[in-house]
Structures are given as structure tokens and as C-alpha cells.
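[1] Next comes the sequence, and after it the predicted model I'd like to discuss.
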Amino acid sequence: MTADENPFGDLLQDYVVECLPLAEQVGDVFVELERSWRAGDPAEELLASVKGRLHTVKGNSAMMGLTPMQDVAHALEDACALLARASERRGDEAAALLIAGTGLLVDLIRTAPADGHGTAAADFVKQVNGFLAATPHRPTEPEERRQGDRRGSGSTGRTDGTDGASSVVRIDFRRLDALLEVLGEGLIQQSAFAELHRRLLRRVGPCEELGELDQAVVAMEKTLKRLESTLMETRLLAVSTVFGRFPRMVRDVAHAEGKRVRLVVAGGETSLDKAVLDRLNEPLVHLVSNAVVHGIEAPAERARAGKPAEGVLRLEASSVSGRVVIRVLDDGRGLDEQAIRGKAETLGLEVRSADSAHLHQLIFMPGFSTADQVSRLAGRGMGLDVVAGSIHGLGGTIEVDSAPGQGTTFTLSLPVTLAIVRSLIVEVDRERFALPLTHVAETVRAEPEAIREINHRGVTQWRGDLIHVADGGAILGTDAPVRPPRRFYVVMTAGAKRRGLLVDRLVGHQDVVVKGLDPALGRPDVVSGTTILGDGRVACILDVVRILDGARRAS
Amino acid sequence: MQADALPAAALHLLTFGLDREEFGIPVTQVREVIRVTEITRVPQVPPHVRGVTNLRGRILPVVEIRTRLGLEPAIVTPVSRIVVVEVLARVLGLLVDRVSQVTRLPADSVAPPPEEVVSAEADYVTGVARWDSRLIILLDLDKVLPLTA
């Protein structure tokens, strides 16, 4: 926590960080409870499991003087206490009440300390009281308990911070960013030592001291690399922090759509850099709600197709060779190839000979929505083209696989972190640029006769396709009195887009520590950040996704 | 004319040169003065941004103050310097032809800017100081540096 922020702001942040997951977990349990009750399982232990979490939320809210949250949490406690005793009251009505209350609680906490929801909280408390009153033998115990709780709440609030057995500390993410900056400087200084060693060796020739210096420099590099990987691990968060929001969302969307959907989550412990996770939430929300609204059929339609009435939506994460793969699978009707074909034809695309895989790719194109009607929940302004754009922007890829009547699978492959990016360093007109390797398909020696000019644009044959090859100097605005020969081109890719970039020299591969763009630099289209190279010079990191977008606009 | 003998109402300035002119900015806004090493150009930046440089591991945007003031772009020489300033809570480097010194001036040596330099564009000139046979143009960095193009 930095000293220049007001202490209440920090406390409030602590409150949200601690209570939001608790409230979300309670919501998940209630969704599970509803399923269990419908299946005839009294699920006593589920009901009992929320008690501690609700109590903590209530206590913390009281401490912060956040009365609406305190009241809602308390009302939920009362309702749970009643349901624990009066098993005949368990059912859809009770479950809907609990789920609605938790939803309200989550919203209240998320927007704390905004004051606008006082009436919503009061309404909910009234609703719960009505529910409680409808029970013939309403016990008076909750009233007594209320007194006891108020007194006890202060101490229950911060159990995790003061628990002597806990080895977990909470840390402001900005501190980790600052640590990474320091590490980046260390890495640069280390390469300066290595460079000095090389120059000394050339000047004075091999000697014992230089040998020792070399060993010391190598040892230092190893230490810094270890520090780097430890620090990167510290920045990682479990995917479950994002997945955790989905049980309630899937339930709500399914409910609104008249569908029955079971969400199965796997691999929630897979971890990703917080910066990646933050930007992953929105695309995932879209894919998941899409699967419920457009993928999984209504129970009647499923029955006709000989499928169980309840659809299954799977959300899976796993680590695959240094990247994280997230899959969203549904067992619904699959992509409607006929509709995609029709849409493609109205857009003037040539799809007569297109196979399924090719047709499926088209859904990531702008304006390509095959939903018969715009659904209230899934249509929310973000098309699949935007989803794909966000994923590409993260240095990731997205693919779709679908079989008619059997379901659709979206597969996302993401880098574990955005803070350090493995890059290809290239030189154009004596300036150096970093190209993230996730967007580099190949580097090719530029034989003049292999690049032809069509319509004032360079094109070449690459892996059987004709691709545009642009001059690096033209795209990057470099300027040299005498233009050096462009000896290579780099084939850049993002999704299905590709383009060659002519450069003078390939300098090498390097893990670069990404530094943001200062606001004074405006918002350049072709650059996403900067980094410091081994020799201390600054290089721009190219924004391949936007460069390729520009390529499409221009053509 | 000892600086120590000045009354309390004194201006504490860092002065730097562009062509033959001498400019002054409040010392309180100056963090340090560094030699010019490599300045990396960044594509598509706003006008008057020369590029970025490595300030001990920090990326420092370097402003071409000369073109901002209507002069030709700077040619970097051995006496060129980057004046690292803090303006509106941001840290920027100003590329200047040379840095003279830190100067204390009596506040009453400052005259309002002459009519001919006062215009809508030049509202960043706050005054002209005559001192010790020198002429120092005082700049308001808060007005010079938001480079909203």
C-alpha cells in the first residue's frame, strides 16, 4: 500500500478484495444448492458451508459501516438458518431468493462504497422477512443471535491476515510491477557487464582474471534468471479467479433463456499473469454466454435430438508448453454451416468450395453474427470478431471446432505473461524493433526475384499463398539517407491474417521486459510498448495485431 | 552583485540555450541534467516528440523543445543536454543545445514579455529578465509541454 493514498481507500480495497470472492463463492454454492434440491438431495452440508463466509462478509461490512451489505448478508444468514431447520421450505422459491440476494450482495460489494443500492438492499431484507414470516413456527432465535453477531463481528473480520499459521500475504500488484522494473534494470546491467567482458577480452587477450570475470557474469545471469522466474510466478493468479464468476452467470443466462445447463469447470488451478487474466474476463464471458444462448438447445429440442434435457458446458484450462490453453465446450447444436454459408454469400465471399473448417473460421470476421435473433444476453455489443481481437491483442490465438448436433469448442491459447515477451529483434534503417515471437511465423531471406509488385504492392509466394510484403521503413516511418538493402522479410501473423515485413537485419531473439508507452508519446498504431535492449538502447515493440489490421483496411 | 545579497523575492532558475537565445525555467521543476546518449525514435508520435531514451532503466520521452518554440530541429553536439523536468506530474526530457547554469535573479529584474512576442501561441513566455547584461526568456513549462497536437 502506498503512503500517498488515503487510508480509507486502502481499507475499502482490502474489503472488496476479501469479500467479493467470498460473496461469489456463496453464490456458487446456492446455484449448486438449487440443483441439489431439484434432484431431491437435501444438501445439508452445502447449506451449512456458506455460514462462515456470510458471517465474515457481514462482519467486515459492519466494520466498514457499509450497512446495505451488512443487512443483505444478515438476511441471507437468517434465511439459511431457517432453511437448515425447516426442510419443507427448501425448493425453487428459496433458492431463487438466496441466489438473488447473493447477486445483489456481489453487486453491492463490487461497487462499494457507491450509495445507490440502499433501497435494493432494504427491498431484499423485506422479501426475506416475508419469506421467514410465511413459516408457521417462526422461531425467535435469529433476533437473539443478531445481538451476539454484532458484538463478535469485529474479530471475525480479518482472520486470514492475523492467523499465525498462514504463510500468505496480500500484496499490491503495482509493487510486483515495480519489482519487475528493478529486475529489468538488473538484466540490462548484467548484459552491460557481459559486453564489457567481451571488449576487455579483445583488448588484453585471455587471462585468469578475465576468466573469473566471465564466470561471475554467467553466475549473475543465472541468478537474475531465477529471480525472474520466481517473480513471474508471484505475479500469477489461478484461472479460477475468473472462472469463479461463471456458475452464477451460466445459471442466470440459462434461466432467462429457458435452458437447462450444467457447468463443469476443470483446471481452475492453472495460473496466468494477472494482467492477462484481467483482459481475459470479458472475452470469456462472451464465449460462455454465447454457448448457453446459441449453442445449447432448449430442453424440448434436445429431447427431439435424443440428447439429455440438461446441456453440458465445460470450461477447461491447462498448461501446454509454456502457454495456457482454455477451452469452452458445449454439447449443443453446433455451428450452423448453412447460415454461415448464406451470410458469406450475402457479403460477397467466395465459399462454394469452402470446407467446414474454412466456414467455421469466418465467424471471427467483423459483422458475422449468425444468430437468428439478437439475444438480450449474448448480443451484448461484443461480436466474435471483437473476442478474437482481444485474444490476438493478448498475443493469443483462438480456434473453433464444431460438429453439427454434437457441439462447439472454442480453444484459446494464451501467453502466461505479458510482462516479458520473447521477441525477434530486427533492424530497419539502423533502428531496432522487437517483434513478439508469437506473431512471427517465419523469417525468410528476401530474394529480389521472389517479390513481385502488383498494384504498387510487393507480394510473394509463401507456403502456397500469395502474401503482401510491406517495406519496414514505410510502416515504421524510418528514414535513412541511404536505404540499406532489405535482406529479409518476417512473416507476421495474427489469426488468419499474415503479412511480410521487409527488414535489413535479423539481430536475434531476446526476452524483452515490456515497458508501457508514456502518455507523452500519444497512441501510435504500430507500437505497443518499448523495451531496453542489452546494449542499453531503447527499442519499440511492434503491435503486430494492429499493423495487420491496418493492412486489411488499406487493401 | 552577489546572489547572497539578494532580497528574499528571488527567482531560482536553470538557464539553457537554444541558438543564441537563453531561456530560464524554475529550478523546482528540474530533476537533473543528463548527457545525450541514444535517442530512439518512436513511430507516429505527436509533433515535438524527438523520441525516448534510457534513463537508468526508465524510458524517458524526449521533447524537441526547439520545434515547440518555432525553431529548426536540434542537431545533437557534444554540449547538447537533456534537461529532465517534472511537468504536471509527468517526467519528460527537454533536448537543449546547451545548459548554462543555475541562476538566482531578483524578482524585480523581470519585465513582462514584449508586445511582439505575446500572442495566442506564445503564452508560455511569462517574462523577460535582464540581469548582468544577459537577457533570459522565462518559460512556463506547464504551458509549453502539454503537447496536445
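    Looks like it arrived, so ask away.
[2] alpha carbons only for contacts and neighbour counts from here, please
    OK.
[3] which residues pair with the spatially closest residue to residue A:331 that is not a sequence neighbour across the strands?
    Distance criterion CA to CA, 6 or more residues apart in numbering or on different chains; nearest residue to residue A:331, sequence neighbours excluded, is residue A:407 at 4.1 Å. Under DSSP bridges, the beta-bridge partners of residue A:407 are residue A:403.
[4] Repeat that for the one 5 residues further on.
    For residue A:412, the beta-bridge partners are residue A:326, residue A:398 (DSSP bridges).
[5] That one and residue A:318, how far apart?
    11 Å (CA to CA, to the nearest Å).
[6] Mutual contacts of these two, please.
    Between them, residue A:412 and residue A:318 share these contacting residues under CA atoms under 8 Å, 6 or more residues apart in numbering or on different chains: A:325, A:326.
[7] quick one, which of these two is more surrounded?
    residue A:412 (21 against 18; other CA atoms under 10 Å in any protein chain shown).
[8] I'd say the more buried one and residue A:401 touch.
    No: judged on CA atoms under 8 Å, residue A:412 makes no contact with residue A:401 at a distance of 11.5 Å.
[9] In the chain, which residue is most central in space?
    Assuming you mean chain A. Centroid-nearest residue in chain A: residue A:280, 1.8 Å away (criterion: CA atoms, centre = their mean).
[10] right idea, wrong chain: chain B
    residue B:25 (5.6 Å).
[11] residues touching it, list them.
    Applying CA under 8 Å, 6+ apart, we find residue B:25 in contact with B:13, B:14, B:15, B:138, B:139, B:140, B:141.
[12] cutoff 10 Å now
    Shown in contact with residue B:25 (CA atoms under 10 Å, 6 or more residues apart in numbering or on different chains): B:11-16, B:85, B:102, B:136-141.
[13] Same question for residue A:518.
    A:529, A:530, B:52, B:59, B:60, B:61, B:90, B:91, B:92.
[14] Quick check: phi and psi on it?
    phi -60, psi 140 (degrees, to the nearest 10).
[15] Report the separation between residue A:494 and residue A:389.
    Distance, residue A:494 to residue A:389, by CA to CA: 9 Å.
[16] which residues are common contacts for the two?
    A:395, A:396, A:397, A:398, A:545, A:546, A:549.
[17] So, low pLDDT: which residues of the stretch 51-200 of chain A?
    A:113-117, A:135-167 (pLDDT under 70).
[18] ok, how many other residues are close to the residue in it positioned nearest to chain B?
    In the stretch 51-200 of chain A, no residue comes nearer to chain B than residue A:185, which is 5.1 Å away by CA to the nearest CA. Number of residues near residue A:185 (other CA under 10 Å) recorded here: 17.
[19] what about residue A:412, distance to residue A:356?
    Taken as CA to CA, the span from residue A:412 to residue A:356 is 19 Å.
[20] Find the nearest non-adjacent residue to residue A:323, please.
    residue A:415 (4.9 Å).
[21] contacting residues for the closest residue to residue A:36 other than its chain neighbours?
    Excluding the flanking residues, the one nearest residue A:36 by CA to CA, 6+ apart is residue A:43, at 6.4 Å. Residues near residue A:43 by CA under 10 Å, 6+ apart: A:32, A:33, A:34, A:35, A:36, A:37, A:84.
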